[in-house]
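Q: quick check, what structure comes out for this input:
(one chain, ligands or ions: 1)
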Amino acid sequence: MTDLKIAVIGAGVIGRTHIDALRKATGLSLAAIVDPSPAGQDLAELYQVRYFADVAALLTARVVDAAIIASPNDTHVPIATELLGAGKPILLEKPVANTLGDAAALAGAVARADVPVLVGHHRRHNPLIKAAKQAISDGAVGPLVMATVTCAMLKPMDYFDVAWRQDPNQGGPLLINAIHDIDLLRHFFGEIYSVQGASSNATRGLAVEDTAAAILTFEDSGIATLALSDAATGPWAWELSSGENPGRFPKHDAVTHLYAGRDGGLSLPDLSLWSHKAGGNWVHELDRSTLKFSALDTYAEQLAHFGTVIRGEAAPLVTCDDGIRNMMVVAAIKASAQQGKSIRIAEICEQSSG
Ligand SMILES: NC(=O)c1ccc[n+]([C@@H]2O[C@H](COP(=O)([O-])OP(=O)(O)OC[C@H]3O[C@@H](n4cnc5c(N)ncnc54)[C@H](O)[C@@H]3O)[C@@H](O)[C@H]2O)c1
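A: The predicted structure follows:
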């Protein structure tokens with residue numbers, strides 16, 4: 001089997017994670033880097049792969065089978081549209097678009113092209129998330145009733161030297177970090193019906209929010225809370241507790257996701273399963289066990305899945321539609337915070353299509 005030749009478009013923080021994964025992968029190899037910055041060109045020279053300043057030049061050269069788009073949010077839709085038009089499968093980083101209007105245009109391009117799109121909500125490829133999903137699907141906690149999810153971390157001020165990260169339309173912990181938690185909540189509970197949100201930029205004083213919270217009500221059943229800040233100290237964030245990206249973040253012994261069902265509770269990332277003996281209730285001690293899983297590099301797993309998607313052997317685990325729905329939930333939380341009232345996801349959907 002010949003290696004699939006992959007381009008990485010945008011060789012910044014996450015682009016380099018994809019490049020590292022590609023350099024270790026079997027069946028896929030890094031063939032090109034596309035990035036207008038001199039650093040991108042240096043990286044292409046370092047790894048001795050083709051360098052292009054833009055996607056048009058990449059496509060003219062016909063040197064890749066597929067591409068990973070890891071450039072800033074406002075470039076996602078034009079770059080994705082260009083690649084899909086050329087029939088190239090893509091792994092598109094989240095958020096899939098800069099605005100919901102752009103996201104709708106992307107959905108049209110995806111439908112017209114009939115080329116697979118995998119969205120970079122990488123956590124779903126983590127074996128620990130797969131173990132949690134399997135346990136929930138197998139009824140280990142019964143029907144889900146509630147969840148609480150935290151995302152607290154202290155980003156340094158120079159993180160915001162990159163202009164897009166302090167733009168309220170492109171940056172902020174809701175779009176950058178918590179959108180992955182929203183994806184997991186949708187993965188476990190199903191679609192979200194409405195949200196009540198609050199947000200603040202008071203701690204850091206930038207235009208973009210640094211802190212937010214939301215109450216999420218699910219279509220089928222269940223209610224969850226989400227609390228996040230990138231200007232507060234604590235280990236209670238997936239990034240800092242899951243060990244998913246050891247090259248970037250230390251791993252702490254902290255629990256960030258609590259899922260309670262009618263018959264049991266499950267915490268993540270420690271995968272503790274809590275349940276009563278038959279007939280038990282709150283006055284009885286709960287039994288605790290730990291779900292088993294084999295730790296694997298999440299980004300490598302995502303890449304291996306992308307390989308099967310490119311070869312037509314699997315459908316994308318995280319679709320463009322998932323990426324757009326996650327964006328809608330973020331938009332609903334922001335609208336709710338601004339308007340001081342609960343917002344239905346359907347309202348956001350109607351506004352973006354009308
Ligand atoms: N899934 C994840 O774990 C994860 C983590 C971080 C970032 N992201 C997402 O990945 C994207 C990039 O984030 P980042 O933190 O790596 O950003 P970054 O600013 O560190 O890197 C972006 C890179 O894209 C390059 N670039 C700019 N315009 C370009 C263009 N038109 N074509 C090609 N390259 C271009 C820049 O020169 C830079 O090297 C964002 O959409 C972000 O939300 C995802």
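Q: quick one, helices of the chain?
A: 13-24, 38-47, 55-61, 73-85, 100-113, 127-137, 173, 179-189, 238-241, 298-310, 320-339, 345-353 (DSSP state H).
Q: most tightly surrounded among the ones you listed?
A: Compared across the helices of the chain, helix 173 shows the largest average neighbour count, a mean of 24 (mean count of other C-beta atoms under 10 Å). All C-beta spots, glycine's among them, are computed from the backbone N, C-alpha and C.
Q: distance between stretch 347-354 and the chain's centre?
A: In terms of C-alpha atoms, centre = their mean, to the nearest Å, the centre of stretch 347-354 is found 22 Å from the chain centre.
Q: is any part of stretch 116-135 close to the ligand?
A: Yes. Stretch 116-135 is in contact with the ligand by C-beta under 6 Å from any ligand atom, via Gly120, His122.
Q: and that stretch, end to end?
A: This stretch, stretch 116-135, spans 29 Å end to end (C-alpha to C-alpha, to the nearest Å).
Q: and stretch 338-351, by the same measure?
A: Its start and end residues considered, stretch 338-351 measures 16 Å (C-alpha to C-alpha).
Q: what about that stretch, average pLDDT?
A: Here stretch 338-351 scores 95 as its mean pLDDT.
Q: now do the contacts for the nearest residue to His252 once chain neighbours are set aside.
A: Leaving aside its chain neighbours, His252 sits nearest to Pro235 (3.6 Å; criterion: C-beta to C-beta, 6 or more residues apart in numbering). Shown in contact with Pro235 (C-beta atoms under 8 Å, 6 or more residues apart in numbering): Ala152, Ser241, His252, Asp253, Ala254.
Q: please redo it, this time with the cut-off set to 6 Å
A: Ser241, His252, Ala254 (C-beta atoms under 6 Å, 6 or more residues apart in numbering).
Q: could you check the pLDDT of the residue of the stretch 251-354 of the chain found nearest the ligand?
A: Nearest to the ligand, among the residues of the stretch 251-354 of the chain, is Tyr299, at 7.9 Å (C-beta to the nearest ligand atom). Here, the pLDDT recorded for Tyr299 equals 96.
Q: hmm, it is touching Ala21, no?
A: Yes. Tyr299 lies in contact with Ala21 (C-beta atoms under 6 Å); the separation is 4.5 Å.
Q: residue contacts, the residue positioned nearest the centre of the chain?
A: Nearest to the centroid of the C-alpha atoms of the chain, with distances taken as C-alpha atoms, centre = their mean, sits His121, at 3.0 Å. Counting by C-beta under 6 Å, 6+ apart, His121 makes contact with Lys94, His180, Asp183, Val318.
Q: cutoff 8 Å now
A: Lys94, Ile179, His180, Asp183, Val318, Asp322, Gly323, Asn326.
Q: CSV please, covering the residues you listed and showing distance to Asn73 and pLDDT.
A: What follows is the contacts of His121, written out as CSV (distance: C-beta to C-beta, whole Å; pLDDT from 0 to 100):
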residue, distance to Asn73, pLDDT
Lys94, 9, 97
Ile179, 11, 98
His180, 14, 98
Asp183, 16, 98
Val318, 17, 98
Asp322, 16, 98
Gly323, 11, 98
Asn326, 13, 98
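Q: show me the beta-bridge partners of Ile192.
A: Phe218 (DSSP bridges).
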